[in-house]
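Enquirer: need coordinates for the following:
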Amino acid sequence: MKKNQQKDEAEEEKKRRMRLRGELPPEEDEPEEDWDPEPIRTIVPYTDAEGKKNFIISSEGQFNGFIYLCDIEQVRPFKAIEIKPDVLVTFMELNKSPTGNILTIGYNDGSIENILNMDFDRRQLTKMHDAHNGSINAAKFSKDENFFFSVAQDGLLLVHQFDKDTAIEDQKYDPLAGVEGANFMPAEEKK
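Expert: Okay, here's the model as predicted:
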């Protein structure tokens with residue numbers, strides 16, 4: 001089964017019954033599927049809160065649809081983060097500052113995501129470049145972090161206003177803070 005492919009519930013139930021009858025080995029005894037390497041598109045090194053050296057990569061082929069957080073001392077990624085489906089990451093950069101780090105991801109459809117302090121649940125999406133010819137080549141923040149610039153294959157240089165202070169405050173906001181029973185709600189209902 002390919003990584004991005006959804007499991008068929010009926011097929012999974014059929015396999016479970018076959019395992020109960022002894023027709024298939026237990027799931028944990030099945031050999032781990034090993035995929036051929038795919039081209040890596042972008043890589044960004046970073047240091048986490050504990051001071052560990054990590055990096056973020058994006059790939060293509062059957063590994064597309066995710067960016068991967070990797071520990072420099074591990075063979076495999078420790079976390080896969082879902083990104084927009086059916087797009088390729090063309091640019092990635094980490095803007096470091098004392099007030100908070102911003103990971104900028106540019107896609108081949110002309111959109112840009114800004115992720116503040118590695119909080120992948122809250123992303124700021126900007127879509128100004130052309131969807132067909134707007135593959136993002138680069139994006140850069142101004143020194144005061146009130147603007148960021150983006151360039152793409154569509155030949156445009158765009159200037160985007162960005163209020164980092166508001167973005168930091170928005171990141172701290174929890175709409176379920178103080179709601180009784182919120183800790184016991186399923187994640188889908190919280191969203």
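Enquirer: strands of this protein, start to end?
Expert: 40-47, 53-59, 66-71, 79-82, 89-95, 102-107, 111-116, 124-127, 136-141, 147-152, 157-161 (DSSP state E).
Enquirer: contacting residues for residue 128?
Expert: Going by CB atoms under 8 Å, 6 or more residues apart in numbering, residue 128 touches 110, 150, 158, 160. Where you see a C-beta, it was placed from the backbone N, CA and C, and this is true even at glycine.
Enquirer: buried subset of the residues you listed?
Expert: The neighbour-count criterion (16 or more other CB atoms under 10 Å) marks 110, 150, 158 among the contacts of residue 128 as buried.
Enquirer: could you point out the longest helix in this structure?
Expert: Ordering each helix of the chain by length in residues (DSSP state H) puts helix 9-20 first.
Enquirer: would you mark the buried spots in that helix?
Expert: Counting neighbours by 16+ other CB under 10 Å, helix 9-20 gives residue 15 as buried.
Enquirer: send me that helix as PDB with only the CA atoms.
Expert: Taking C-alpha atoms only, helix 9-20 is exported to PDB below (Å, rounded to 0.1, in the frame of the first residue of the first chain):
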ATOM      1  CA  GLU A   9     -12.000  -0.700   5.500                       C
ATOM      2  CA  ALA A  10     -13.600  -3.800   3.900                       C
ATOM      3  CA  GLU A  11     -10.100  -5.100   2.800                       C
ATOM      4  CA  GLU A  12      -8.700  -4.500   6.300                       C
ATOM      5  CA  GLU A  13     -11.600  -6.400   7.800                       C
ATOM      6  CA  LYS A  14     -11.100  -9.300   5.400                       C
ATOM      7  CA  LYS A  15      -7.300  -9.400   6.400                       C
ATOM      8  CA  ARG A  16      -8.200  -9.300  10.100                       C
ATOM      9  CA  ARG A  17     -10.500 -12.400   9.700                       C
ATOM     10  CA  MET A  18      -7.900 -14.200   7.700                       C
ATOM     11  CA  ARG A  19      -5.400 -13.600  10.500                       C
ATOM     12  CA  LEU A  20      -7.800 -14.900  13.000                       C
END
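Enquirer: no further queries at this time; thank you.
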